[in-house]
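Engineer: fold the following.
(2 chains)
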Number of protein chains: 2
Amino acid sequence: MANLLIAHGGAPTAVINASLYGAVMEAKNSGVVEHIYGAVHGSAGILSENFVDLGAVPQEELEKLLTTPGSAIGTSRTHLEPEDYQEMARILKKHDIRYVLFTGGNGSMDTCGKLRAACQGEILVAGIPKTIDNDISVIDHAPGYGSAANFIVQCTAEIAQDVHSLPIHVCIIETMGRNAGWITAAAALARRYKGDAPDMICLPEVPFDEEKFLARVKELSDQKGGVVVVVSEGLKKADGSTVAPPLFEEGRARYDGEVGSYLARLIIQKLGIKARSEKPGIWGRACAQAQSPVDRQEAVRMGALAARAVLEGTSGVMAGLLRRSTSPYVCEEVLVPIEQVMLEERLMPREFISEDGFDITDAFCDWCRPLLGCEPAEYADFKTDTGRKGVRLH
Amino acid sequence: MANLLIAHGGAPTAVINASLYGAVMEAKNSGVVEHIYGAVHGSAGILSENFVDLGAVPQEELEKLLTTPGSAIGTSRTHLEPEDYQEMARILKKHDIRYVLFTGGNGSMDTCGKLRAACQGEILVAGIPKTIDNDISVIDHAPGYGSAANFIVQCTAEIAQDVHSLPIHVCIIETMGRNAGWITAAAALARRYKGDAPDMICLPEVPFDEEKFLARVKELSDQKGGVVVVVSEGLKKADGSTVAPPLFEEGRARYDGEVGSYLARLIIQKLGIKARSEKPGIWGRACAQAQSPVDRQEAVRMGALAARAVLEGTSGVMAGLLRRSTSPYVCEEVLVPIEQVMLEERLMPREFISEDGFDITDAFCDWCRPLLGCEPAEYADFKTDTGRKGVRLH
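Structural biologist: So this is what the prediction gives:
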């Protein structure tokens, strides 16, 4: 019997450990794997032969993976040179590892493909998709996205309750997703009723126009008092430059301007309206509390599917989901040739973005809703004249 | 039968609506109140006679108050002049309102006391404590704090899982609490094992020393790689000036520097270590997901206690909790004369702050733990050599 190794690459998600769980359980139950190794801190862990024996971990401890954010075996962002792949191939053979699974996004799938080439068919390699940004091409969506989407839905809906308690200011929420607006867009799912927050959504796919932005904020503030704006951390102007200038740059050290904070200042300065910004930041990819149950389950399935693929003799593929139906929500498990996804980046398509560029379309909401795995909470509200709640005296 | 009015003041919390629920239910069940009014947007709502009839709201809708963050009847921060109190007294009499409850912090208790004086004994007034900052004097703690504390515990514990997945940077989490460090301090409860995050806690009560701060960050980064630092938004230097200079000031418009972002830049510039900062901001006081069940229950009790007080003929008091025992956790309900709490601000006492000023003491943890209403989650971790989890090969 040969051994199987799992390594994580890139930033973690809320469900990357759920994929690890799925892969480990599949390998355990297969009866054809002797040792199931985890590379501690990704490809760096392979190169330093730093492995943990996941097959020997008690089941009770393994179950915790399902609700542990971050990566329980660590991850890496090491840039690999051609000779590193040769060295990895040598180390894998030395440890009698015949099966390798890489969990990650576009970059990790590239690593996956190059390692496979270096191993010349002696080792079977497969990818497990993972990214909060949802920018992997070919597949419908990647595990990690649904939970990041659900996080921003909760964050937006709850902050809106606060903003509307004392409707005197603009609150900007800055989300992750530097090039692709999938996470930012998901904030729209926080709406239950017409007029609910978010009031504006600014995507990195839409060139930022300061004048139009301020005009829309002014209009909303005049109408509603409290305004909730969700913006991507990666907003860019038409010329491709970032909206918020870098706060400093010294050689290789650089600190990007924080776009939420920058826009809040702009609103105060140019419109004289109170504004502030919030940035939950990396919590958006690390929140077990906001895990989408659908996302968690799909993460487990993708881990298991990739493990099954290599154990059945398939190599050079990434596990994935293709949507067959949205209502009812049905996704089909597929194996995608890795070269189709290596380093490709998928952005939000035009039909998911509203005409004025400050919102998304119903088509996006329909697509996104099933991935959250839950409905937004329903709140008590006795201060608005919608007539749907409470009894107003006049 | 006379009427009862409830008004909220100041910023909302995750459980201010739970106090509203407690007060409404007590008044409904008393059988001696004809109408239960909510002032829409606090004292501004009283002055504009903008009331909602809470007694006529269906029970099912009222129950939603328990898990609705923000204020369901709105709140206000209006500065009141002496003639406003006279006007409020007149309006209350006009609507046959004999009982008034104010939910709020130090400022609202001041309003409460002044309104009582203006009503000259004809109207019975009581306060319901509410503040995430926990800076109301005399009482053990105020409703709103436990949930804000629990929020920062979850945020810190989950972000730490991410930071330790790829231990190459310092992550700063900026918390609310401008003058009092109670919320910032609560982050310490995220620790389950020795060495767990947070690695440093910077309170507004401790004068900030840049050199010592950087030296400690450097030491921790050398030791651990990934470092999690929790800082109060209100950090000040020994001379009382803010650590982060204001980003701009123009007449009355001003945008305070964000201390987390400022310190992250300082670490990159002075130490050459990767750093970033996160600021969940007002979500920290508006997160129903992070509600402490103990906090929610106490909020209901405080609402009910204040209502009972006025209905039984007591006036000029604030409902409160005094701790009788920490293990088991027992708090006694008390009524505090309002003049004892008006505009007093309670900071963290010296015995709750560690000697070096970069952490808190076990005494604080013992005091704070029961307020969270839950234990921090236990995570899977196979990458550390603690020997308590997983099986390492070498």
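
Engineer: for stretch A:87-99, which positions count as buried?
Structural biologist: A:88-89, A:91-92, A:95, A:97-99 (16 or more other CB atoms under 10 Å in any protein chain shown). Any C-beta I mention is one placed from the backbone N, CA and C, and that applies to glycine too.

Engineer: next: stretch A:286-306.
Structural biologist: Of all the residues in stretch A:286-306, those buried under the rule 16+ other CB under 10 Å are A:286-292, A:294-306.

Engineer: ok, now which ones touch the residue most central in space within chain A?
Structural biologist: Centroid-nearest residue in chain A: residue A:132, 0.8 Å away (criterion: CA atoms, centre = their mean). By CB atoms under 8 Å, 6 or more residues apart in numbering or on different chains, the residues touching residue A:132 are A:11, A:13-14, A:144-145, A:147-148, A:176-177, A:183, A:284-285.

Engineer: rerun that using 10 Å as the cut-off
Structural biologist: Listed by CB atoms under 10 Å, 6 or more residues apart in numbering or on different chains, the contact partners of residue A:132 are A:10-16, A:105, A:142-149, A:151, A:175-177, A:180, A:182-183, A:282, A:284-286.

Engineer: kindly report the same for residue A:177.
Structural biologist: With CB under 10 Å, 6+ apart, residue A:177 has these contacts: A:131-135, A:145, A:148, A:152, A:183-186, A:203-204, A:232-234, A:284, A:348.

Engineer: out of those, which sit inside strands?
Structural biologist: If you go by DSSP state E, those have residue A:232 in strands.

Engineer: list the ones among the contacts of residue A:177 that fall in helices.
Structural biologist: A:145, A:148, A:152, A:183-186 (DSSP state H).

Engineer: just the buried subset of those residues, please.
Structural biologist: Counted by 16+ other CB under 10 Å, the ones in helices among the contacts of residue A:177 give A:145, A:148, A:152, A:183-186 as buried.

Engineer: name the nearest of the buried residues of stretch A:87-99 relative to chain B.
Structural biologist: residue A:95 (9.1 Å; CB to the nearest CB).

Engineer: what about the closest one, distance to residue B:353?
Structural biologist: According to CB to CB, to the nearest Å, residue A:95 and residue B:353 sit 50 Å apart.

Engineer: how about residue A:272?
Structural biologist: Counting by CB to CB - residue A:272 and residue B:353 are separated by 40 Å.

Engineer: between those two, which is the more surrounded one?
Structural biologist: Here residue A:272 and residue B:353 are compared on neighbour count by other CB atoms under 10 Å in any protein chain shown; more neighbours surround residue B:353, at 21 against 13.

Engineer: wait, the more buried one sits on residue B:203?
Structural biologist: Yes - counting by CB atoms under 10 Å, residue B:203 is a contact partner of residue B:353 at 6.4 Å.

Engineer: what do the two both touch?
Structural biologist: Joint contacts of residue B:353 and residue B:203 (CB under 10 Å, 6+ apart) are B:181, B:185, B:359-360.

Engineer: so can I have TSV of these showing pLDDT?
Structural biologist: As requested, the shared contacts of residue B:353 and residue B:203 are arranged in TSV below (pLDDT from 0 to 100):
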residue	pLDDT
B:181	97
B:185	98
B:359	98
B:360	98
